[in-house]
Each structure stands twice: as C-alpha cells, then as structure tokens.
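Asker: next come a sequence and a model predicted from it.
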2 protein chains.
Amino acid sequence: MRRTAPTVALNIAGTSARSAAPNEHIHAEMFAAILEQRLAPGTKLSEDTLGEIFGVSRTVVRAVLQRLAHERIVRIHPNRGAFVAEPTPEEAHEVLQARHLIEEGIIRLAAQKRTASDIADLRHMVAAEQDSLNAGDHQAWVRQSGDFHLKLATIAASQTLYAYLKELVSRTSLIIVQYQKGNLSACNCDEHTDIIDALAAPDEERAVAVMHVHLQACEDKLSLNGETPKSDLHAIFSRSSKNQEPTS
Amino acid sequence: MRRTAPTVALNIAGTSARSAAPNEHIHAEMFAAILEQRLAPGTKLSEDTLGEIFGVSRTVVRAVLQRLAHERIVRIHPNRGAFVAEPTPEEAHEVLQARHLIEEGIIRLAAQKRTASDIADLRHMVAAEQDSLNAGDHQAWVRQSGDFHLKLATIAASQTLYAYLKELVSRTSLIIVQYQKGNLSACNCDEHTDIIDALAAPDEERAVAVMHVHLQACEDKLSLNGETPKSDLHAIFSRSSKNQEPTS
DNA sequence: TTTATTTATTTTGTATACAATAATATAATA
DNA sequence: TATTATATTATTGTATACAAAATAAATAAA
C-alpha cells in the first residue's frame, strides 16, 4: 500500500446522469464519502487521482475541491494540495457553540410555523432512524440524524439558516469521527422524539430547552479535552503512514 | 456606452503584491467594488473582461467568481455567466433575521469576554465612523460600520460565527443598496455607542436589547414591502439597459 | 549510520485551445 | 410591420499543455 489517495471506493453512481452537471454529481459523491467516513480526516485528495476516478479533468475536480473547502470539510494548503479536514478541539467547540445558537433560532421558528404534516414527517424520520439503528446501519443513521436537524431548518423556512446548519451538521459529522469516545453513539433518537413532542404541543420554550440538552449530550459524548484520541496514533507515526497531512 | 461589463474602475492596486496570491487580491478587489457600489446589483461579470482588467486568465477569474458566489454576493447562472447578486425582499428579510440571531449570540459572548482594550478599540472605531459621516465619505462609513459589527465577532472569539457574520454583513450592504428609502442612512453611530456602553458595564441583557433595536432600525429604513424602489426602473427598461440580467 | 546536498519526480498553479451553449444579428415569411 | 426561422457571433464549460513549487529519491559528506 504505497501510493495513497482515495483508493477507497467512491461509489461512482453507475451510468446515470452524467451529461447534466458533472461537478454537482462529483461534489455530492465526495461529500457523502467524507461524511460516511469512507475518506478519513487527513486523507490527501489528489487532483489527478480524483480526475481519473470520476473521468473528468483536473479543472472540474479543482472547482469541487474549492467548494468543499469553502464548506469547511476540506482544507486546501497552497501549492500542497487538498486534504479532508481535521477539525481541532477548539474548532469542534466552536461548531457546537454555533449549533446551540442557530438551532435555538431554528427551533423557535419551527415551533411557530410547523404544520401537522411537518410533525408527521418528523415522526416518520425518527422511525426510520430507529430502524437503521436496530439494523446496525451506522452510516444510514448518521445521515438520517443530520437530516432530522435539517428538516427543522426547512420548517423554519429560512434558506440562509438552512445553509449554515447544513455546513455545521457536516462539520459535526467530521468532528464525531475524530473525537467520539469509544463506541458511544453520538446522538439519541429519544431526544429527537422529545423535540417533536415539544413542537407538536407547541411548547416553544420546552423545545428550545430539549434542543440544548440534546446538543450538550452530543458534545458530552466527545473527548475534546486532552489529546485527540484517534488521530494521536496517526500523528505519532506520521512518518510511516503517508495519508496523513505532513506535520506543518 | 454599448458593451457593458465592468468598465467601471476597479482600482487595480498599483504594482504592489502581485506575485504573492493573485486570486486573493482579485477577490478583495471585486468584493470591495461590489460592496462600495462601484459594481451595481445585476451587473454582468464577464470572465474575459475581468481577466483583461486584472491581467490574468479566465481560470483564476472563474475561481474568484465561484468563491464570490458561495459568499452570496455573486450569482452564477449555468452557461450564462456571473452577475452581481440582486437579493429579493424575502432574502433581505432572511438575512436580517439571521443577523438578529447570530449577533445576539455574538454580543452575549462579547459581553463575557471583552477586555478594557476591546472597549477602547470599539470607541476608536465609532469615532472614525463619525469622522467619515461628518466628512460625507459614505463609502468609508459603510465599510467602517460593517467593521464595527465584525469587531464584536472578533471579541466573541469564534471564527465560525465571524465567518457567518461577515457574509451576512456583506449581503446587508448589497440589500441596503437595493432597498434603502431615499437618503436615510441605514445605520446610526449613536446606537453603536449604546452597544459599547452596555458592553463596558457589562450589562449583557441590555447589550442584547440594544443590538436588536439597532438591527430593527436598520430594517425599518428599508422598503421591503412592495416593489424594489431602485431596481424597478432598471427592470422596466431592461431592454435598452444592457447590464441588467436578462429577465429569466 | 546519520545528516546534508543535489537531482529527479510528482503535483499544483495558470494559460491556452477547443467544444458546447447561449445571445445576437440577419433573412424569410405572414 | 411584426414574427418566426436561420445563421453568426460571443461566452461559458472543459480538457490539455506548460511553468513553478513541493515532495521524494539518490548521492555525497560527516
């Protein structure tokens, strides 16, 4: 295993929709690959390699990488290339802090604007989450858990807040990969149900309180204190293991 | 005046810092040009023309335009090009709503973390604002007014919230261009002073309240109700005036 | 064996060339 | 004259080519 880069499968979606918007497709594919942990934090994203994988030139790969960099899940070092982001503990704290703020606003709006069918949708989503959890499909569950929070932003009816939350949810996924304690799953379906119940009432203040508890519970399941529990080994052996970003 | 595009001066910063990071420089230049209203909303941003102006190829211009699009002050229509964004009244409302939310969080953090020198810095900034206002330098004042809000984000010490607020402040500038009522200046130095006084106490709740009043005052000076007061003329005469985006 | 220096290779940054799409102008028809 | 159809021009989208930088390898010195 010499040459690194994403030898990891990237699920090139068959023969479908190629002529439409190639960069859109490639972005979605890489986005999913990073969030589903098929591309680990620190992995180098070579333009040439990605171009070969997706059958396009470096031009379009570069554009996608720059977009992912703006979304903060990829980091570009000038003249050195793009890498899957490795959020620091400080950054992790900031992201959770921002989520507390933005999701409080979102849930207040959602409590005011939610319809009966919104509540039904949310309950269906939690049921699906529970199914994935029971089936042991961790990948699906992570995605669905994020989608639950984004659904609240949709109900709140602000594209601006939706965009910010989407970014924060993505970054949270990356943070969980790096900092989760042992096998503690980072979210909890019961808390999602509590949120729905509060929205259904509607009890805005309780919804806000439950959301804060929920986010705090997520943060408590991370070990942001001392060293990074997972990357430490990688950092120590960075000489021999080459898909780590070089020590700057 | 037939061929449009930015014949408007773009202040190509002399001979300085060229070799360093050309795209960074070009981004800053275009960013400033849009926010200082030298490039009006709806103006088409031709890749070729910008490349000639800045002495680079379309490659680097495209990257800058994509970045500006992600920052929401430029809009890219596939196969048709990039245009200075024209925020809708709904978008304007969303941006102000998001600012209420994010700046409440920022000012709470700032009230907790501010030092004596932060307060001094803020007072200097407001004095400079007042100077620009007295001197009738509207451009400088708009920039300084935005910088005041961003300074609060710096004091709050969250890069994440800073980035979001920077985007929101930029978009607000664009919104003010499109929707300001007559000659009402959109911000007020006195309110900035009130905010500093509350921070200096520190009285977190009062700071929050004053911030909300301040942002509401900004929104009240816009006419987001009926039609867009300024672009209407442009829209009506879009046939003859060519730097408007075509009616889709 | 380890370290420093030089050379070679790989990879990114940018410019250019060509293809595809949209906008414009011209011609034809009602 | 107004409107539709066609041809032309201009502009974006993508691939490729070359230059600059960084990494890796190889050689030389301590």
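Answerer: Looks like it came in fine.

Asker: quick one: neighbours of the residue of chain A at minimum distance from DNA strand D, just the number.
Answerer: Taking CB to the nearest atom of the strand as the measure, the point where chain A comes nearest DNA strand D is residue A:57, at 3.2 Å. C-beta coordinates here come from the backbone N, C-alpha and C atoms, glycine included. Here the number of neighbours of residue A:57 (other CB atoms under 10 Å in any protein chain shown) works out to 11.

Asker: name the nearest residue to it, sequence neighbours excluded.
Answerer: By the measure of CB to CB, 6 or more residues apart in numbering or on different chains, the closest residue to residue A:57 outside its immediate chain neighbours is residue A:51, 5.7 Å from it.

Asker: check which helices and strands the helix or strand where that neighbour lies sits against.
Answerer: Assigned by DSSP states H and E, residue A:51 belongs to helix A:47-54. Counting contacts by 3 or more CB pairs under 8 Å, 6 or more residues apart in numbering or on different chains; DSSP states H and E, helix A:47-54 packs against helix A:22-35, helix A:58-70.

Asker: can you give me the buried ones in that helix?
Answerer: Judged by neighbour count (16 or more other CB atoms under 10 Å in any protein chain shown), helix A:47-54 contains these buried residues: A:47, A:49-51, A:53-54.

Asker: how about the residues of chain A near chain B?
Answerer: Proximity of chain A to chain B (CB under 8 Å from any CB of the partner chain) is limited to residues A:21, A:62-63, A:66-67, A:70, A:78, A:91, A:94-95, A:97-98, A:101-102, A:104-105, A:158-161, A:164, A:168.

Asker: which of the residues you listed fall within strands?
Answerer: The members of these all map outside strands under DSSP state E.

Asker: buried subset of these, written for ChimeraX?
Answerer: Listed next is the ChimeraX selection for buried residues among the residues of chain A next to chain B, using 16+ other CB under 10 Å:
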select /A:62,63,66,67,70,91,94,95,97,98,101,102,104,105,158,160,161,164,168
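
Asker: now do the same contact list for the residue most central in space within chain A.
Answerer: Averaging the C-alpha coordinates of chain A gives a centre point, and the residue nearest to it by CA atoms, centre = their mean is residue A:170 (2.4 Å). Contacts here follow CB atoms under 8 Å, 6 or more residues apart in numbering or on different chains; on that basis residue A:170 touches A:31, A:35, A:71-73, A:146.

Asker: try it again at 7 Å.
Answerer: A:35, A:71, A:73 (CB atoms under 7 Å, 6 or more residues apart in numbering or on different chains).

Asker: chain neighbours aside, what residue packs nearest to residue A:144?
Answerer: Across the structure, with CB to CB, 6+ apart as the measure, the residue nearest residue A:144 apart from its sequence neighbours is residue A:129 (4.7 Å).

Asker: now residue A:192
Answerer: Nearest in space to residue A:192, with sequence neighbours left out and distances taken as CB to CB, 6+ apart, is residue A:126 at 4.9 Å.

Asker: do residue A:100 as well
Answerer: The shortest distance from residue A:100 to any non-neighbouring residue, by CB to CB, 6+ apart, is to residue A:215 (5.5 Å).

Asker: the helix ranked longest in chain A vs helix B:89-113, what angle?
Answerer: Under DSSP state H, the helix in chain A containing the largest number of residues is helix A:89-113. Angle between the axes of helix A:89-113 and helix B:89-113 is 130 degrees (criterion: axes from the mean of the first three to the mean of the last three CA atoms, to 10 degrees).

Asker: tally of neighbours for the residue of chain A found nearest DNA strand C?
Answerer: For chain A, the residue closest to DNA strand C is residue A:81, as judged by CB to the nearest atom of the strand, at 3.3 Å. One way to gauge burial is a neighbour count; for residue A:81, by other CB under 10 Å, it gives 15.

Asker: which pLDDT value belongs to it?
Answerer: Residue A:81 carries a pLDDT value of 97.

Asker: next: the one 10 residues further on.
Answerer: Model confidence at residue A:91, given as pLDDT, is 97.

Asker: so which of the buried residues of helix A:47-54 also contact DNA strand C?
Answerer: Judged by CB under 7 Å from any atom of the strand, the overlap between the buried residues of helix A:47-54 and the neighbourhood of DNA strand C comprises residue A:47.
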